[in-house]
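Engineer: Provided below are the primary sequence and the corresponding predicted coordinates.
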Protein chains: 2
Amino acid sequence: LSGIVGIIGGMGPQATVDLMNKVISMTPADEEADHVHMIVDCNPTVPSRTRALLEGGKSPGPELALMARRLAAAGAELLAMPCNTAHAFLADIRAATDRPVLDMIDLAVDEVSAFGGTSKKVGLLATRGTRDSRLYHERIERRGWTVLDLDESEQQRLDVLTKDAKTRPIGTVERAAMAEIIEGLEVRGADVVVAGCTEVPLLLPEASPVTVIDPTLVLAREIVARCKGAVPRAC
Amino acid sequence: LSGIVGIIGGMGPQATVDLMNKVISMTPADEEADHVHMIVDCNPTVPSRTRALLEGGKSPGPELALMARRLAAAGAELLAMPCNTAHAFLADIRAATDRPVLDMIDLAVDEVSAFGGTSKKVGLLATRGTRDSRLYHERIERRGWTVLDLDESEQQRLDVLTKDAKTRPIGTVERAAMAEIIEGLEVRGADVVVAGCTEVPLLLPEASPVTVIDPTLVLAREIVARCKGAVPRAC
């Protein structure tokens, strides 16, 4: 059992809070002390993952490595990172610490296997940086499944929606826009959709015509299982 | 300007997330990097503040001091603690670090001065530990105002409601119970009510017959002002 989980967060801050909320909700707790001890670096100054991947901007790797070392020094025995795009720099983090670092992309792809048939089509709601770094594509295609990407206009809308969710309130207009993007994937034959950006779960509509895998939720479940040795509550 | 705020949290975890949400919502941000850098120790294993104050249980002071030192070592330049009762042990924290520690009780009592007349009656929604440690009473009475405490049956209900909020979902039943307690204070003449336990804001009904001061919100506002040098957004 890992006692304390360190969260490499702030990308954006709302996604970090979303992960914390999911960990709290899924923990079988009868009293305060039953909750998971989380040490959270909610650091909004990590260099843009997307700019680094697409435009040769400053790498966030060194800052992520520093956060991992600080969290380990503060007592974290297990590390997790609620930002899909940042997983392109996971090697920098793993090189910086001997603490295990959960891989949210792997966990989410494992979750996909429970849905649809053996040659399934997986709709991907990801930022352009995550898409082009092929974080999900390689793992999904290795299993013999197909990735359905967004078309260019949907990708532009998703990039704006997820960026704006970091600084503006989310309302019915934003949820309706996300619902349309999901419907587009369903119409093109998606058997399941992966919310492959941690702002997407914040934007999900109440109902969806296709199952949407939430990697933040899957990561929270793994944290609860590892830290409490317990079967997580439904969330 | 303080760059990084350290949050001495986990008492309970939901109250810590509530503070983070309020900081995020109140920060004038145009992009991710404009948000406040928070390092959060969400530690649910801090010994019970209430048992220490009422039953001579183990003091949480040493654990709170350790958390403050770890947060300072991780880079926190300012410390804050979203738990009213834990403020009875503020001296232990201040002795452990040279970083400034915000006093949520002081900030909340300052906020009260904006409401009602000069000889006002202040309704207090606090745990039995906070009540008996007179954290709010001394500061309110020093200003010439009167504290309206809960009666014994209301106090019992509040203690159960705030404890259960740490481990169970909050629904309409719990909000209705909190509304009744607030109405009781209003009927007895409260000019303003202080939500003097960080679980109370989680339980507040939509509407209230009297102004309710939320110390978590007041603390969040102070964090934004100190860390960003900015006028916080309305929340």
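Structural biologist: Yes, it's here. Residues are numbered from 1 along each chain as shown, chains lettered A, B, ... in the order given.

Engineer: can you give me the end-to-end distance of stretch A:106-124?
Structural biologist: For stretch A:106-124, the first-to-last residue distance is 14 Å (CA to CA, to the nearest Å).

Engineer: er, stretch A:167-177 I mean
Structural biologist: End to end - CA to CA - stretch A:167-177 spans 17 Å.

Engineer: Report whether that stretch contacts chain B.
Structural biologist: Yes. Interface with chain B: stretch A:167-177 contributes A:167, A:169 (CB under 8 Å from any CB of the partner chain). All C-beta spots, glycine's among them, are computed from the backbone N, C-alpha and C.

Engineer: Would you mind pulling the contact partners of that stretch?
Structural biologist: By CB atoms under 8 Å, 6 or more residues apart in numbering or on different chains, the residues outside stretch A:167-177 that reach it are A:157, A:161, A:164-165, A:202-206, B:25, B:29-32, B:34.

Engineer: quick one, longest helix in chain A?
Structural biologist: If you go by DSSP state H, chain A has its longest helix at helix A:172-187.

Engineer: May I see the buried residues of that one?
Structural biologist: Neighbour counts over helix A:172-187 (16 or more other CB atoms under 10 Å in any protein chain shown) mark A:174, A:175, A:177, A:178, A:179, A:181, A:182, A:184, A:185, A:186 as buried.

Engineer: I'd like the next helix or strand past that helix.
Structural biologist: Remark: after helix A:172-187, the chain's next helix or strand is strand A:192-195, criterion DSSP states H and E.

Engineer: where along chain A do the strands fall?
Structural biologist: In chain A, the segments counted as strands under DSSP state E are A:4-9, A:37-42, A:78-80, A:121-125, A:146-148, A:192-195, A:212-213.

Engineer: For chain B, find the nearest of those strands.
Structural biologist: For chain B, the closest of the strands of chain A is strand A:37-42, at 4.1 Å, according to CB to the nearest CB.

Engineer: relative to strand B:37-42, how tilted is that closest one?
Structural biologist: 180 degrees (axes from the mean of the first three to the mean of the last three CA atoms, to 10 degrees).

Engineer: and strand A:37-42, what other elements does it pack with?
Structural biologist: Applying 3 or more CB pairs under 8 Å, 6 or more residues apart in numbering or on different chains; DSSP states H and E, we find strand A:37-42 packed against strand A:4-9, helix A:13-26, helix A:61-73, strand B:37-42.

Engineer: Return the alpha-carbon coordinates of stretch A:186-205 using PDB.
Structural biologist: Once non-C-alpha atoms are left out, stretch A:186-205 reads as follows in PDB (Å, rounded to 0.1, in the frame of the first residue of the first chain):
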ATOM      1  CA  GLU A 186     -20.800   8.500 -32.700                       C
ATOM      2  CA  VAL A 187     -22.200   9.200 -36.200                       C
ATOM      3  CA  ARG A 188     -18.800   8.200 -37.700                       C
ATOM      4  CA  GLY A 189     -19.000   4.900 -35.900                       C
ATOM      5  CA  ALA A 190     -17.200   5.300 -32.500                       C
ATOM      6  CA  ASP A 191     -17.900   2.300 -30.300                       C
ATOM      7  CA  VAL A 192     -16.500   4.200 -27.300                       C
ATOM      8  CA  VAL A 193     -15.000   7.700 -26.800                       C
ATOM      9  CA  VAL A 194     -12.000   8.600 -24.600                       C
ATOM     10  CA  ALA A 195     -12.100  12.100 -22.900                       C
ATOM     11  CA  GLY A 196      -8.400  12.400 -23.600                       C
ATOM     12  CA  CYS A 197      -7.900  15.900 -22.100                       C
ATOM     13  CA  THR A 198      -8.500  16.500 -18.400                       C
ATOM     14  CA  GLU A 199     -10.700  19.500 -19.100                       C
ATOM     15  CA  VAL A 200     -13.100  17.400 -21.200                       C
ATOM     16  CA  PRO A 201     -14.700  15.700 -18.100                       C
ATOM     17  CA  LEU A 202     -15.500  19.200 -16.800                       C
ATOM     18  CA  LEU A 203     -17.400  19.900 -20.100                       C
ATOM     19  CA  LEU A 204     -19.300  16.700 -20.500                       C
ATOM     20  CA  PRO A 205     -23.000  16.900 -21.100                       C
END
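
Engineer: Show me which residues of chain A are close to chain B?
Structural biologist: For chain A, the contact set with chain B under CB under 8 Å from any CB comprises A:10-14, A:16-17, A:20-21, A:24-25, A:29-45, A:48, A:70-71, A:73-75, A:163, A:166-167, A:169.

Engineer: Would you tell me which of the strands of chain A gets closest to residue B:142?
Structural biologist: strand A:37-42 (35.9 Å; CB to CB).

Engineer: Just want the angle from the closest one to helix B:13-26.
Structural biologist: Using the same axes, to 10 degrees, strand A:37-42 lies at 10 degrees relative to helix B:13-26.

Engineer: what lines up beside strand A:37-42 in the sheet?
Structural biologist: Taking DSSP bridges as the criterion, strand A:37-42 pairs within the sheet with strand A:4-9 (parallel), strand B:37-42 (antiparallel).

Engineer: got CSV for those strands, with mean neighbour count, distance to residue A:111 and mean pLDDT too?
Structural biologist: What follows is those, written out as CSV (neighbours: other CB atoms under 10 Å in any protein chain shown; distance: least, CB to CB, whole Å; pLDDT from 0 to 100):
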stretch, mean neighbour count, distance to residue A:111, mean pLDDT
strand A:4-9, 27, 19, 98
strand B:37-42, 28, 25, 98
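
Engineer: Residue B:134: which of those strands is closest?
Structural biologist: Residue B:134 sits nearest to strand B:37-42 of all the strands paired with strand A:37-42, at 27.3 Å, using CB to CB.

Engineer: coming back round to it: tell me the one among the buried residues of helix A:172-187 nearest to chain B.
Structural biologist: Closest to chain B, out of all of the buried residues of helix A:172-187 and judged by CB to the nearest CB, is residue A:174, at 15.7 Å.

Engineer: got a pLDDT number for the closest one?
Structural biologist: Turning to residue A:174, the model gives it a pLDDT of 97.

Engineer: Residue A:154 too?
Structural biologist: Here the pLDDT value assigned to residue A:154 is 97.

Engineer: quick one: buried residues of stretch A:126-139?
Structural biologist: By 16+ other CB under 10 Å, the buried positions in stretch A:126-139 come out as A:126, A:127, A:128, A:129, A:130, A:131, A:133, A:135, A:136, A:137, A:139.

Engineer: Please disregard the earlier target; I meant stretch A:57-71.
Structural biologist: Residues of stretch A:57-71 classed as buried: A:59, A:60, A:61, A:63, A:64, A:65, A:66, A:67, A:68, A:70, A:71 (neighbour count, 16+ other CB under 10 Å).
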